[in-house]
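**Student:** here's a sequence, model it:
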Amino acid sequence: MPIPYADQTLATNADLSSFDTPDSLAQAYVALNTKVKAGGVDLLGDELAKDPAITPFKTISDLAKGYVSTKKMVGSIENAPETPEGYKFNPVTGLHANVKAEGIVKALAPIFQKAGVGNKAADAVQQGLLTQLSGMMVQQEAAKKEMLAKNETTLRTEWGGEYDARMDNVQKIWKNVGGVGNVKESGIENIRALAKLTGFLSEDSLKSLGEEPKAAITDATAALAEINKYTSEIASTGGKHAYYKSGSEGDKARAKMNELYALLQPK
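**Tutor:** Now for the predicted structure:
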């Protein structure tokens, strides 16, 4: 028997027609009220409550907080500028002199723009990249200076008072074979090898290292000037010049003098 309601709209309500006693209606109300107070997501209905996007949330309150958080996050996403030139980057100070910041940033901008990276994020990346690159260069430079100092100490110990003269000859050979920069930066083993090579060169060859090739002497006047110069050079050595030595080195020095004297003879 239907529950007699004073209000006819209640008496004809389809949702209430299933309750045939006040007790059954009251029990349904209590159950619903308890569920509402608990705020469980099952209030959304089975289909929504079982949706993978909803299941991480236990209550309607948790779901609402998640929604607000997501909306804030989406709202904070910054779009990339329409062109690479639209980026406004903050300059990074105190960089190593060899860090060409302008060129690097100019190369990065199109990459950022194509990837859809906003200005704020792109600026943070370029600042971090430039700072890291500068730090690496500083470390490398310090390591290089340490290596050069260590190598010099080692070679000075090995060569003693001949260090400066031998290093000068090594640098000249390094330049003649096409080496770039200071030979000291090529490594200690390379320096030792070049120094060993100087031991196979004559005094004249060592003195001529790094010099421009001399023009050939073809007349008596130039020959006489060269003889005077060569004689003074020989005399300055106190008898230690190759001219006084036996073997191929001495033969070569004496042959040079003979060739010069031959130019003084009338043809």
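
**Student:** other SSEs contacting whatever helix or strand residue 149 lives in?
**Tutor:** Take DSSP states H and E as the rule and residue 149 turns out to sit in helix 119-159. With contacts defined as 3 or more CB pairs under 8 Å, 6 or more residues apart in numbering; DSSP states H and E, helix 119-159 has these neighbours: helix 101-115, helix 163-176, helix 188-198. Every C-beta, even on glycine, is put in place using the N, C-alpha and C of the backbone.

**Student:** and the last one, how far out from the chain's middle?
**Tutor:** Which is helix 188-198. 31 Å (CA atoms, centre = their mean, to the nearest Å).

**Student:** ok, which of the helices and strands packed on helix 119-159 comes nearest residue 221?
**Tutor:** For residue 221, the closest of the helices and strands packed on helix 119-159 is helix 163-176, at 30.5 Å, according to CB to CB.

**Student:** how far off centre is that closest one?
**Tutor:** Relative to its parent chain, helix 163-176 has a centroid offset of 32 Å by CA atoms, centre = their mean.

**Student:** Throw the helices and strands packed on helix 119-159 into JSON lines and include mean pLDDT, mean neighbour count and distance to residue 22, thanks.
**Tutor:** Compiled in JSON lines, the helices and strands packed on helix 119-159 are given as follows (pLDDT from 0 to 100; neighbours: other CB atoms under 10 Å; distance: least, CB to CB, whole Å):
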{"stretch": "helix 101-115", "mean pLDDT": "91", "mean neighbour count": "15", "distance to residue 22": "67"}
{"stretch": "helix 163-176", "mean pLDDT": "87", "mean neighbour count": "17", "distance to residue 22": "109"}
{"stretch": "helix 188-198", "mean pLDDT": "87", "mean neighbour count": "16", "distance to residue 22": "103"}
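
**Student:** picking that back up, roughly how far is the helix holding residue 149 from the heart of the chain?
**Tutor:** So, by CA atoms, centre = their mean, the centroid of helix 119-159 is 10 Å from its chain's centroid.
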